[in-house]
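J.: Generate coordinates for the sequence data below:
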Amino acid sequence: MTTSSSYLLVNNEHDREYLRAAGEELQTDLGVLEVPVDVDPGDVIETHLDVPFTVRQLRGPDLFNHFERTGAPMIPRDIGLLIGQTGVAHGDRVLDAGTGTGVLAAYLGRLGVDVTSYEIDSEFADVARENMSLAGVADQVEIRTGDLTAALDTVGDEEPFDVLTLDTADAPTIIEAAQTLLAPGGYIAVYVPFVEHTREAVEAARKAGVTAIETYETIQREMDFDERGSRPSTAGVGHTGYMTIGRTE
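T.: Numbering: from 1, shown residues only. Presented below is the predicted three-dimensional model:
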């Protein structure tokens, strides 16, 4: 598995965080600095204006917070649900459709998973490749430009995958081929924002002979603690999407 050479640069006094690769230059109103190639987490480096930044090891949530965005990426809690329900682990092969920003693909790559991800938009695919390099998983994650539904026959001739992850409107069409794409006992995980699309995915999975189908609505509320008392936060949106998990025979 690739070890990332990118780091989080933090200045808590000014509430600043930046994700930069070793050897890269950071230019801000707090000054200019170059991240040393031999930097270690915990080191403090200063801009030319003597403003200190602490170096931190890159972690999964940093990908979500600092990747270049091409859309709304899957958020860490939903990725955690996917990993927990499929058991995807080091050495597994994942086929992914709907790369987008690439947060899910990078998370999996950092677990030592080999990911083949399809993105239909060529500009989005280019950004995702840059994000994979920043995350240090360029040799774990292959971003293919194209529509997976048009490549199903070709992909079906490759070595079977262990998990199929879908964040795309044409998920039902891909699910129909799940039995040929996945190894016996392989999992599908479909993430969609609307319940109507979730029903379509469930029906397609049933027709394809996928078993143990379960759907979860992902909801999470932050807690507020102040002098008046403690309660769930009234800010933000608790719902992010629906996750359908199933397994091949």
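J.: going forward, measure contacts between C-alpha atoms and count neighbours the same way
T.: Will do.
J.: Find out how far stretch 49-62 is from the centre of the chain, if you would.
T.: Relative to its chain's centre, stretch 49-62 lies at 21 Å (Cα atoms, centre = their mean, to the nearest Å).
J.: Residues touching it, excluding its own?
T.: Here stretch 49-62 makes contact (Cα atoms under 8 Å, 6 or more residues apart in numbering) with 4, 6-11, 19, 30-32, 39-47, 76, 107, 135.
J.: rerun at 7 Å
T.: With contact meaning Cα atoms under 7 Å, 6 or more residues apart in numbering, stretch 49-62 is reached by 6-11, 30-31, 40-46, 76, 107.
J.: Could you do stretch 210-217 as well?
T.: Contacts of stretch 210-217 (Cα under 7 Å, 6+ apart): 241-249.
J.: In strands, which of these appear?
T.: Members of those lying in strands (criterion: DSSP state E): 241-247.
J.: Out of these, who's the most crowded?
T.: Ranked by neighbour count (other Cα atoms under 10 Å), those have Ile245 at the top, with 26 neighbours.
J.: Give me the local confidence score for the residue nearest to it when sequence neighbours are not counted.
T.: Take Ile245 and drop its neighbours on the chain: the residue closest to it by Cα to Cα, 6 or more residues apart in numbering is Ala189, 4.6 Å away. Here, the pLDDT recorded for Ala189 equals 98.
J.: check contacts around Ala189.
T.: Counting by Cα under 7 Å, 6+ apart, Ala189 touches 82, 164-166, 243-246.
J.: Tell me how many other residues crowd the closest residue in space to Val210 that isn't next to it in sequence.
T.: Spatial nearest neighbour of Val210, excluding adjacent residues (Cα to Cα, 6+ apart): Thr248 at 4.9 Å. As a burial measure, Thr248 scores 23 neighbours (other Cα under 10 Å).
J.: Was I right to think Thr248 contacts Ala177?
T.: No - using Cα atoms under 7 Å, Thr248 is not in contact with Ala177, being 10.7 Å away.
J.: Quickly note the distance from the residue most central in space within the chain to Arg247.
T.: Centrality entry for the chain: nearest residue to the mean C-alpha point is Leu104, 1.6 Å, by Cα atoms, centre = their mean. Separation of Leu104 from Arg247 (Cα to Cα, to the nearest Å): 20 Å.
J.: okay, the residue nearest to Val210: pLDDT?
T.: 95.
J.: contacting residues for it?
T.: Contacts of Thr248 by Cα under 7 Å, 6+ apart are 179, 184-187, 210-211.
J.: Among the contacts of Ala189, which one sits closest to Leu148?
T.: Taking Cα to Cα as the measure, Leu148 lies nearest Leu166 of the contacts of Ala189, at 10.2 Å.
J.: From one end of stretch 234-249 to the other, what's the distance?
T.: This stretch, stretch 234-249, spans 44 Å end to end (Cα to Cα).
J.: now the helices for this protein?
T.: 60-66, 76-86, 103-110, 122-135, 152-156, 171-175, 178-181, 195-207 (DSSP state H).
J.: Figure out which of the ones you listed is closest to Arg221.
T.: Of those, the one closest to Arg221 (Cα to Cα) turns out to be helix 76-86, at 11.4 Å.
J.: care to break the chain down by domain?
T.: Annotated domains of the chain cover 6-58, 62-247 [automatic domain parsing].
J.: on that earlier part again, quick one: which of the contacts of Ala189 is nearest to Arg206?
T.: Gly246 (9.2 Å).
J.: out of the helices of the chain, nearest to Gln220?
T.: Among the helices of the chain, helix 76-86 sits nearest to Gln220 (Cα to Cα), with 8.4 Å.
J.: Can you check what angle separates that closest one from helix 103-110?
T.: Interaxial angle, helix 76-86 versus helix 103-110 (axes from the mean of the first three to the mean of the last three Cα atoms, to 10 degrees): 60 degrees.
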